[in-house]
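Trainee: Return atomic coordinates for the entry below.
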Amino acid sequence: MEIKILGTGCAKCKSLEKITRDMIIETGVDASVSKVDDIMDIMTYGVAATPALVIDGKVVLYGRIPSSNEMKKILTQ
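Mentor: The predicted structure is shown next:
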C-alpha cells in the first residue's frame, strides 16, 4: 500500500501523518508513507482542503483529522 499525506506542514498535516504512521504500526499493515508538501503537487489531486490522505493514488480523506478507529478502518479496507 502506498500512502501519501498531502499538506504544507501545518499542525493538522503533522497530526494526520502521526496518526497514519501510528495506526500502520498498530494494525500491521504493509505500507509506505510519503509526505507531499509542494502546493503544485497537492493541487494535482484536486483536494479542496488539506490535510489529505491518498492511498494507492486515490484521495480517501481531506480537510480533517480522522479518529484512531476511523484510520484503522481506512487502512484495513
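Trainee: in this protein, which helix has the most residues?
Mentor: helix 11-27 (DSSP state H).
Trainee: could I get it in CSV with only the CA atoms?
Mentor: What follows is helix 11-27, C-alpha atoms only, in CSV (Å, rounded to 0.1, in the frame of the first residue of the first chain):
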residue,chain,number,x,y,z
ALA,A,11,-0.2,21.3,12.6
LYS,A,12,-3.1,19.3,11.2
CYS,A,13,-0.9,17.9,8.4
LYS,A,14,1.6,16.8,11.0
SER,A,15,-1.2,15.2,13.1
LEU,A,16,-2.5,13.3,10.1
GLU,A,17,1.0,12.0,9.4
LYS,A,18,1.4,10.9,13.0
ILE,A,19,-1.9,9.1,13.3
THR,A,20,-1.3,7.4,10.0
ARG,A,21,2.1,6.1,11.0
ASP,A,22,0.8,5.1,14.4
MET,A,23,-2.1,3.1,13.0
ILE,A,24,0.1,1.4,10.4
ILE,A,25,2.2,0.1,13.2
GLU,A,26,-0.8,-0.9,15.3
THR,A,27,-2.6,-2.7,12.5
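Trainee: For it, name the packing helices and strands.
Mentor: Applying 3 or more CB pairs under 8 Å, 6 or more residues apart in numbering; DSSP states H and E, one finds that helix 11-27 contacts strand 2-6, strand 32-36, helix 68-76. (Each C-beta comes from the backbone N, C-alpha and C, glycine too.)
Trainee: Same list, the ones you listed, but as TSV with distance to I19 please.
Mentor: Formatted as TSV, the helices and strands packed on helix 11-27 follow (distance: least, CB to CB, whole Å):
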stretch	distance to I19
strand 2-6	10
strand 32-36	11
helix 68-76	5
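Trainee: Nearest to A48, out of these?
Mentor: Of all the helices and strands packed on helix 11-27, it is strand 2-6 that lies closest to A48, at 11.4 Å by CB to CB.
Trainee: Contacts for stretch 69-77, please.
Mentor: Residues outside stretch 69-77 that contact it (CB atoms under 8 Å, 6 or more residues apart in numbering) are 1, 19-20, 23-24, 26-27, 29, 31, 53, 55, 60-61, 66.
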